[in-house]
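> the sequence isn't on hand, but the structure is:
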């Protein structure tokens, strides 16, 4: 479905776009990337990594920072974070003193090593290994969802997004409360479902299919720079069929998800011919035992780079004090990503 032609002039000038998932707005200032830049630049990321790093606390057989030793794992590997932000034995009391309110939060944090190889990233892993990561995400979600209300799978890739180690890995945090953005997405999806009887993100996917903001698409998965994207090359990954959680995906859907993620992440790397930093996270229906027919599984990917491998988008000033603002249109970002080859600029990963 295409956008109405009557809106085209508006979308080429400064304007605001509504994010129905978060019930929020973003300011779009088209072509502000042309302005001169004398600001900060990201340090180059080292591309050449050894297959095994004896000093890496995530490599097989090595000692971790907390003192435990990794097994000699030869596939995916999960362990409880040695410096977890959430703990299962935290107190649950609530504190209130007028406007001052606090409550205990129980949970756990796990680290997910995607591969025993230190020199790979998900964009360069074989599809079978990416599929193994998808399976692990689903298994871990179901296991943790039996004990906690919210399970947050995420990956910070690259030092620009705070990754402390280049070894291919992600994290899973699970907690007893529904986090702020999850609660807002829950309310928005529920309201849309009550009004229409349909899932908000399935309606959105139907609108975007075959359109100008699509980056990768097949019969099962849609990757789009959302109409309301805040980050320059932000994308949204949506299964076209109803799925509330990763565990709902069948074998074919998981295979195609692995291929879809690979096709997207290779394009990200190819954009500036440089390992592309990002934060990737899955939003699944809460594990609260309630009615979640309104929920649709999806993933957000937030990359910080703006116009080169060294110049990033800063969410400061107006963005912190007013609302998010982006410097090029989502349509232009999608066009750039979509036009890139699906073959990695660095060639096949070393065997």
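On my side now, so go ahead. Nothing here was measured: the structure is a model prediction, and the numbers come from that model.

> so what's the nearest residue to residue 103 once chain neighbours are set aside up against?
Residue nearest to residue 103 in three dimensions, not counting chain neighbours: residue 94, with 4.4 Å by C-beta to C-beta, 6 or more residues apart in numbering. Placement of C-beta: from N, CA and C, glycine included. By C-beta atoms under 8 Å, 6 or more residues apart in numbering, the residues touching residue 94 are 101, 102, 103, 104.

> what's the spacing between the second one and residue 179?
Using C-beta to C-beta, to the nearest Å, one gets 16 Å for the distance from residue 102 to residue 179.

> those two: which is more packed in?
The residue with more neighbours, out of residue 102 and residue 179, is residue 179; 16 against 10, by other C-beta atoms under 10 Å.

> and the residue positioned nearest the centre of the chain, what element?
For the chain, the residue sitting closest to the mean C-alpha position, by C-alpha atoms, centre = their mean, is residue 280 at 1.9 Å. In this assignment (DSSP states H and E), residue 280 forms part of strand 278-283.

> so after that strand, what's the next helix or strand?
strand 298-302.

> after that next one comes which helix or strand?
Following strand 298-302 in sequence, per DSSP H and E, is helix 318-321.

> which residues does that following helix contact?
With C-beta under 8 Å, 6+ apart, helix 318-321 has contacts from 27, 325.

> what sits against residue 315?
Residue 315 neighbours (C-beta under 8 Å, 6+ apart): 230, 324.

> and it, how far is that from residue 225?
17 Å.

> and if you look at residue 95?
42 Å.

> more neighbours: which of these two?
residue 225 (28 against 9).

> shouldn't the more buried one be in contact with residue 330?
Yes. Under the criterion of C-beta atoms under 8 Å, residue 225 makes contact with residue 330 at 4.3 Å.

> which neighbours do those two share?
213, 234.

> give me the contacts around stretch 344-351.
47, 51, 119, 120, 123, 124, 125, 266, 269, 270, 273.

> skipping its backbone neighbours, what lies nearest the third one in space?
On the basis of C-beta to C-beta, 6+ apart, the spatially nearest residue to residue 119 that is not a chain neighbour turns out to be residue 49, at 4.1 Å.

> now residue 111: phi and psi?
As for residue 111, its main-chain torsions (degrees, to the nearest 10) stand at phi -110, psi 130.

> which ones are touching it?
Applying C-beta under 8 Å, 6+ apart, the residues near residue 111 are 58, 78, 79, 80, 81, 169, 170, 171.

> format these as JSON lines; extra columns: secondary structure, distance to residue 232 and neighbour count.
Putting the contacts of residue 111 into JSON lines (DSSP: H, G, I helix; E, B strand; the rest coil; distance: C-beta to C-beta, whole Å; neighbours: other C-beta atoms under 10 Å) gives the following:
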{"residue": "58", "secondary structure": "coil", "distance to residue 232": "29", "neighbour count": "23"}
{"residue": "78", "secondary structure": "strand", "distance to residue 232": "32", "neighbour count": "15"}
{"residue": "79", "secondary structure": "strand", "distance to residue 232": "34", "neighbour count": "16"}
{"residue": "80", "secondary structure": "strand", "distance to residue 232": "35", "neighbour count": "13"}
{"residue": "81", "secondary structure": "coil", "distance to residue 232": "30", "neighbour count": "16"}
{"residue": "169", "secondary structure": "strand", "distance to residue 232": "25", "neighbour count": "22"}
{"residue": "170", "secondary structure": "strand", "distance to residue 232": "22", "neighbour count": "23"}
{"residue": "171", "secondary structure": "strand", "distance to residue 232": "24", "neighbour count": "17"}
